[in-house]
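Peer 1: Here is the input, now give the coordinates:
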Amino acid sequence: MKNARNTILLAKRIAEIISSRDLVREIIKKEILKNKNKIINLDFSDIEFVSRSAAHELISLQNEMKNKFFNQKHINFINTNSSVANMLRIVAANIAIPNRRTPILNLEKTDIQTLVKNI
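Peer 2: Have a look, this model is predicted:
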């Protein structure tokens, strides 16, 4: 039972659209932390969309559970459609190599008359 797998169908537990961190945190509390299995599959069957914030929470959960010394769990994302997989991939890449450049702004002062003349 030590390496047993458990699959959580997210569409049945949450909804077809996962749009907030709070929804993911509820699944974490109710399903994942209480689960005795070491390998947990989060099944994205019938999930149409995952928001950026929810994807960030899922990736953070996956990393946190993998890096625990005691009670370590492996979280797998299975049956993702292309849009969900792309969102998870983008967020994971951003976590791995964040974009820390400060944008350069070249602001110039203008008045309404100048804008109207250019129309």
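Peer 1: Name the residue closest to the centre of this protein, please.
Peer 2: With distances taken as CA atoms, centre = their mean, A55 lies nearest the centre of the chain, 0.9 Å away.
Peer 1: Next up, the contacts around the closest residue to that one other than its chain neighbours.
Peer 2: In this structure, A55 finds its nearest non-sequential neighbour in V91, 4.3 Å apart by CB to CB, 6 or more residues apart in numbering. Just so you know, the C-beta spots here come from the backbone N, C-alpha and C atoms, and that holds for glycine as well. Applying CB atoms under 8 Å, 6 or more residues apart in numbering to V91 gives the contacts R52, A55, H56, I59.
Peer 1: now V91: how far from E57?
Peer 2: V91 is 9 Å from E57, where distance means CB to CB, to the nearest Å.
Peer 1: K109 too?
Peer 2: 42 Å.
Peer 1: okay, these two: which has more neighbours?
Peer 2: Between K109 and E57, counted using other CB atoms under 10 Å, the more crowded position is E57 (22 against 5).
Peer 1: mind checking pLDDT for the more buried one?
Peer 2: pLDDT, E57: 93.
Peer 1: For it, give me its contacts.
Peer 2: Neighbour list for E57: R21, V24, R25 [criterion: CB under 8 Å, 6+ apart].
Peer 1: Any chance of CSV for those, columns pLDDT, distance to I104 and secondary structure?
Peer 2: Formatted as CSV, the contacts of E57 follow (pLDDT from 0 to 100; distance: CB to CB, whole Å; DSSP: H, G, I helix; E, B strand; the rest coil):
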residue, pLDDT, distance to I104, secondary structure
R21, 90, 31, helix
V24, 88, 35, helix
R25, 87, 37, helix
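Peer 1: Only the buried members of these: can you turn that into a PyMOL selection?
Peer 2: Burial among the contacts of E57 is assessed by 16 or more other CB atoms under 10 Å; the matching PyMOL selection reads:
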select buried, resi 21+24
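Peer 1: In JSON lines, list the contacts of E57 along with distance to R13.
Peer 2: Listed next are the contacts of E57 as JSON lines, based on distance: CB to CB, whole Å:
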{"residue": "R21", "distance to R13": "15"}
{"residue": "V24", "distance to R13": "11"}
{"residue": "R25", "distance to R13": "13"}
